[in-house]
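1. Sequence first, predicted coordinates after that:
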Amino acid sequence: MNASTRRQVLVGVDGSVASLNAVRWAAEDAALHQLPLHLINVLAADTAGGPSLGYGGPGLAKVRAESQAILDRAVPLAVKTASTIHAIEVTTEIADGQVRPILLGRTEDASMVVVGKHGLGTFHMGLLGSVSSALARHSRCPVAVVGDAPVLADPAGGAVLVGVDGSSNSEPALGVAFDEASHRRAELRALYAWRGVSGSLAFAVDWQAVSTTEAMALAESLAGWQERHPDVHVQRIVVKDRPVRNLLARSQQAQLVVVGSHGRGGFAGMTLGSTSQALLYLVECPIIVVRGP
């Protein structure tokens, strides 16, 4: 069976530090979930010449050889990382075309797509803001973005941090966060940030009552998921502040951040919310963006 038709963890690989970190993280996650891992290198960048724009003969052979060398370096890294948890199948592919549509097309059948925050070669021209943000906007599956910082070797070496806003948009993110925390045997920290009114109206507000109401909203959002994952210890965090500032600060002690995309409508009209977009740029640990309903 063709690997691209199977439920799998998909990784975009270009040989950069971030993409090799993405390979390590994806191999770990695939092993934890006992899923196959598929590594893909795309020959042509979205804004540069490639096979579709005139490579041929010796030129194409050289580019393909370079792509194969990148994948050949990534495979043993993936196998070694996964072997400490559970042996998995690792497959590779060299694809011709544009990075974004190729990866987006594969998200229909993938359990997750993983990319590096900063790339080289085929993922050059500013990965963040093009490939990774496009995936976060339009992917049919969760998108993990991994930066240059070393990935924790121990899956249980830190908490999973999830942003909750009480809306239906955060429900899929909660599902992924609980699942990751369960497989990683990690504590789940659920952060609910709310903002009060300003000016003269602030004096007429019973802030204690509002805080209690917001805490209840968080508890209601978590209740069903806690019943499904009784093994996950949950720390509830309710703050009267901006969500980005608090998620960013607490991400320093987390092994993983999970947020919803806060999208509008369907595939074509999907937009990335300000919180998830800011965190994609700022957090140092891996972050998963999960598309809302």
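-> Thanks, I have it.
2. So which residues make contact with stretch 101-112?
-> The contact list for stretch 101-112, computed with C-beta atoms under 8 Å, 6 or more residues apart in numbering, reads 4-10, 12, 26, 29, 33, 35, 38, 40, 42, 95, 113, 115, 131, 134-135, 138-144, 288. (Glycine included, C-beta is placed from N, CA and C.)
3. and with 6 Å instead?
-> If you take C-beta atoms under 6 Å, 6 or more residues apart in numbering as the criterion, stretch 101-112 is touched by 4, 7-10, 12, 35, 42, 95, 113, 138-142, 144.
4. What mean pLDDT does it get?
-> The average pLDDT within stretch 101-112 is 91.
5. looking at it, Val114 is touching Val143, isn't it?
-> No: assessed by C-beta atoms under 6 Å, Val114 is found out of contact with Val143, at 7.7 Å.
6. list residues touching both of those two?
-> Between them, Val114 and Val143 share no contacting residue under C-beta under 6 Å, 6+ apart.
7. and Asp231, helix, strand or coil?
-> What DSSP: H, G, I helix; E, B strand; the rest coil gives for Asp231 is coil.
8. In space, what's closest to it - neighbours in sequence excluded?
-> Leaving out its chain neighbours, the residue that sits closest to Asp231 by C-beta to C-beta, 6 or more residues apart in numbering is Ser182, at 5.8 Å.
9. One more: Gly157?
-> Closest residue in space to Gly157, ignoring its immediate chain neighbours: Gln255 at 5.8 Å, by C-beta to C-beta, 6+ apart.
10. repeat for Asn169
-> Closest to Asn169 by C-beta to C-beta, 6+ apart is Gly292, at 3.7 Å.
11. Hmm, the one you found is touching Gly260, no?
-> Yes: with contact defined as C-beta under 6 Å, Gly292 and Gly260 form a contacting pair (5.3 Å).
12. Looks to me like Leu161 is in a helix.
-> No: Leu161 is assigned strand when assessed by three-state DSSP, not a helix.
13. which residues touch the residue nearest to it when sequence neighbours are not counted?
-> Leaving aside its sequence neighbours, Leu161 sits nearest to Ala254 (C-beta to C-beta, 6+ apart; 4.1 Å). By C-beta under 6 Å, 6+ apart, the contact set of Ala254 is Gly158, Ala159, Leu161, Cys285.
14. Repeat that for His183.
-> Residues near His183 by C-beta under 6 Å, 6+ apart: Leu32.
15. Just give the number of residues close to Ala27.
-> Per other C-beta atoms under 10 Å, the neighbour tally for Ala27 reads 29.
16. The helix or strand containing it packs against which elements?
-> Taking DSSP states H and E as the definition, Ala27 sits inside helix 17-33. Counting contacts by 3 or more C-beta pairs under 6 Å, 6 or more residues apart in numbering; DSSP states H and E, helix 17-33 is packed against strand 9-12, helix 58-83, strand 112-116, strand 143-146.
17. just checking, next helix/strand downstream of the helix or strand encompassing Thr212?
-> Counting by DSSP H and E, the element that carries Thr212 is helix 207-228. Moving toward the C-terminus from helix 207-228, the next helix or strand (DSSP H and E) is strand 234-240.
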